[in-house]
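**Student:** compute the structure for the input listed below.
(3 chains)
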Amino acid sequence: MIATVILNFHAKKDEVRNITGEVQDALQRTGLQSGLVTVFVPGATGAVTTMEFEPGLIEDLKGALQRLAPDDIDYAHNLRWQDGNGHSHIRAALIGPSLGIPFSQGRLILGDWQQIVFLELDARSRQRRLILQIMGE
Amino acid sequence: MIATVILNFHAKKDEVRNITGEVQDALQRTGLQSGLVTVFVPGATGAVTTMEFEPGLIEDLKGALQRLAPDDIDYAHNLRWQDGNGHSHIRAALIGPSLGIPFSQGRLILGDWQQIVFLELDARSRQRRLILQIMGE
Amino acid sequence: MIATVILNFHAKKDEVRNITGEVQDALQRTGLQSGLVTVFVPGATGAVTTMEFEPGLIEDLKGALQRLAPDDIDYAHNLRWQDGNGHSHIRAALIGPSLGIPFSQGRLILGDWQQIVFLELDARSRQRRLILQIMGE
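**Tutor:** Just a heads-up that it's a prediction; the model follows:
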C-alpha cells in the first residue's frame, strides 16, 4: 500500500526544523506496520537529513554549511539571476532532497538521539511543502 | 509492481546531465500511478542529486566539488593505482549514488525549478548506465 | 513483500566497513528477486555510502572527512555536552544515514568496483546495529 502525505509549514531563513513527530504521526494515520517512508523536498533550496536535534549541533551544522558553500563568495548563479541564493542551491544539491527511513510495528526505526530534520537553506523564509511517500504493508 | 529500467548514455568528463525527462518518460511507460523511483549509479565515480539546471549553478557546483575534494592534491588512491581519479571517488562517495523521488498520478513530484541530475565525476568521459527502480501501484 | 533484517557488529573508531557481502546474504535469504534494499543507520554518528573499497581510498576518504568537518576545531556540541564528537555528528548529517540499492534476479545491482560501506564516525568504538529494509517481489 502507498500513502502520499504532504507536510506544510512556514520555514524561517536558516531554520533547522525537527519534523520527526509529524512524520511519525503521518505514518500512524496510515495504519501501515512495516515499510519505508521517503521524505522528499520538492524544491532546490532545501534538504533533509538526520541529526541529534540540540542547539549546539544546530549551530555546528550551520558552521559546516558555511565552510562547505560560503554565502560570501561569488556564485555564477547570483551574477545571472540576482537571487542571492547561489550558496543555498549548492548546499541543497550536496546534502540532497531525499531520505528513506524504515519503519516496523508502525514506528520509525530511528536511534534514540536521532531526529529527522528539514534544512531551510534559502536566503529567505519560505512556505514549504514536504512529500512523505509511505510504502508498506 | 516493480519495473527496472536502464538508462544508457555517453557522459562527457565533468558533465552535469539533466535526466529528468528520461526518468519521467520511463515512469510513464510503466503505467504506474503512485510510488517511488530510485535512481541508482552502479559505479563509484558518478553521483545523482537534484538542482536547478542552469549554467550558473552548474559552474558553481563544479567550484564546490573542487573545494570539497580538489583534483590537485595528493590521493593515496592515485599513488597506488595511477588512475588519477582519487578526487572523483571521494566526490562520488560524499554526494552518493542513490536518490529516491516519489511520484503521484503518474508524475514525478518535483519542484518547478528542480531537476534530477547525474554528475559525471570521473577523470575521463564514460559510457554510463543508470538504474531506475520503479516501485508502485 | 517486506523483510526487515538487522546487522549487528562491533565497529572500531574511524572504521570504514565493507558490508556488501552481509547485505547480499541477507537479500538472498529473503528469496526476493526484484526490489529495493534500504540500508539505514539508526544513530547520529554513523553513515552509509558506496565506494571502491581499497586502502588508498579509505585513507583519502578520511582525509576528506577531516577537511569537511575537522576534529580539531571548536564545536558548540562539545562545549555543551563534553562528548568530544561534534565532528562525528556533522560528518554523519552531511553524508547521511540512508542508502537505497536496487536488486534484480536476487542480486544487488552494483558496479564491479563499488561496495556498500558503513562509516563509523564516532570518537570511539561502538556496537552498531544497521537496518536493512528489503522491499520487493
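
**Student:** what residues does chain A have near chain C?
**Tutor:** Chain A comes close to chain C at residues A:34-36, A:49-52, A:54-57, A:59-61, A:64, A:67-68, A:94-96, A:99-102, A:104, A:109-111, A:113-114, A:117, A:135-137, as judged by Cβ under 8 Å from any Cβ of the partner chain. In this view, the C-beta of every residue, glycine as well, is placed from N, C-alpha and C.

**Student:** same thing but 6 Å
**Tutor:** Residues of chain A lying close to chain C (Cβ under 6 Å from any Cβ of the partner chain) are A:34-36, A:49-52, A:56-57, A:59-60, A:64, A:99-100, A:102, A:104, A:109-111, A:113-114, A:137.

**Student:** elements contacting the least confident helix or strand in chain A by mean pLDDT?
**Tutor:** Ranking every helix and strand in chain A by mean pLDDT, DSSP states H and E puts helix A:76-81 at the bottom, with a mean of 93. Helices and strands touching helix A:76-81, by 3 or more Cβ pairs under 6 Å, 6 or more residues apart in numbering or on different chains; DSSP states H and E, are helix B:55-68.

**Student:** starting at the chain centroid, how far to stretch A:73-84?
**Tutor:** Its chain's C-alpha centre and that of stretch A:73-84 lie 24 Å apart, by Cα atoms, centre = their mean, to the nearest Å.

**Student:** which parts of that stretch are buried?
**Tutor:** By neighbour count with 16 or more other Cβ atoms under 10 Å in any protein chain shown, stretch A:73-84 contains the buried residues A:75-78, A:83.

**Student:** need the max-distance pair from those.
**Tutor:** A:Ala76 and A:Asp83 (11.4 Å; Cβ to Cβ).

**Student:** give me phi/psi at A:Arg128?
**Tutor:** phi -120, psi 150 (degrees, to the nearest 10).

**Student:** kindly apply the preceding question to A:Gly46 instead.
**Tutor:** Backbone torsions of A:Gly46, given as degrees, to the nearest 10, read phi -140, psi 160.

**Student:** now it: how far from A:Lys13?
**Tutor:** 12 Å (Cβ to Cβ, to the nearest Å).

**Student:** show the average pLDDT along whatever helix or strand A:Thr49 lives in.
**Tutor:** Per DSSP states H and E, A:Thr49 falls inside strand A:46-51. The average pLDDT for strand A:46-51 rounds to 98.

**Student:** so it, near chain B or not?
**Tutor:** No - using Cβ under 6 Å from any Cβ, strand A:46-51 never reaches chain B; the gap is at least 8.9 Å.

**Student:** pairing partners for that strand, with directions?
**Tutor:** strand A:115-120 (antiparallel) (DSSP bridges).

**Student:** output the least confident helix or strand of chain A as PDB - backbone C-alpha positions only.
**Tutor:** What follows is helix A:76-81, C-alpha atoms only, in PDB (Å, rounded to 0.1, in the frame of the first residue of the first chain):
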ATOM      1  CA  ALA A  76      27.700  32.500 -11.200                       C
ATOM      2  CA  HIS A  77      24.000  31.900 -10.300                       C
ATOM      3  CA  ASN A  78      23.800  35.200  -8.400                       C
ATOM      4  CA  LEU A  79      25.500  37.100 -11.200                       C
ATOM      5  CA  ARG A  80      23.000  35.700 -13.700                       C
ATOM      6  CA  TRP A  81      19.800  35.900 -11.700                       C
END
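
**Student:** what does chain A put close to chain B?
**Tutor:** Close to chain B, as judged by Cβ under 6 Å from any Cβ, chain A has residues A:2, A:4, A:38, A:40, A:42-44, A:69, A:75-77, A:80, A:86, A:89-90, A:93, A:96-98, A:100, A:131, A:133.

**Student:** go ahead and build a ChimeraX selection from the buried members of those residues.
**Tutor:** Here is the ChimeraX selection string for the buried members of the residues of chain A next to chain B, based on 16+ other Cβ under 10 Å:
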select /A:2,4,38,40,42,43,44,69,75,76,77,86,89,90,93,96,97,98,100,131,133
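
**Student:** gap between A:Pro42 and chain C?
**Tutor:** According to Cβ to the nearest Cβ, to the nearest Å, A:Pro42 and chain C sit 18 Å apart.

**Student:** thought A:Thr49 was touching C:Ala93?
**Tutor:** Yes - with contacts counted by Cβ atoms under 6 Å, A:Thr49 reaches C:Ala93, the gap being 4.9 Å.

**Student:** who are the packing partners of the helix or strand hosting A:Asp25?
**Tutor:** Using DSSP H and E, A:Asp25 falls within helix A:20-30. Applying 3+ Cβ pairs under 6 Å, 6+ apart, one finds that helix A:20-30 contacts strand A:2-11, strand A:115-120.

**Student:** helix or strand right after that helix?
**Tutor:** strand A:35-40.

**Student:** how far does that next one sit from its chain's centre?
**Tutor:** Distance, centroid of strand A:35-40 to centroid of chain: 12 Å (Cα atoms, centre = their mean).

**Student:** and that strand, what other elements does it pack with?
**Tutor:** Against strand A:35-40 (3+ Cβ pairs under 6 Å, 6+ apart) you get strand A:98-104, strand A:126-136, strand B:98-104.

**Student:** mean pLDDT added to those strands, as TSV?
**Tutor:** TSV is the format used below for these (pLDDT from 0 to 100):
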stretch	mean pLDDT
strand A:98-104	98
strand A:126-136	98
strand B:98-104	98
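
**Student:** mind checking which of those is nearest B:Glu22?
**Tutor:** That would be strand B:98-104 among those, by Cβ to Cβ, at 12.7 Å.

**Student:** do the closest one and chain A meet at all?
**Tutor:** Yes - using Cβ under 6 Å from any Cβ, strand B:98-104 reaches chain A at B:99-100, B:102, B:104.

**Student:** of the helices and strands packed on helix A:20-30, which is nearest B:Val23?
**Tutor:** Using Cβ to Cβ, the helices and strands packed on helix A:20-30 put strand A:2-11 closest to B:Val23, at 18.1 Å.
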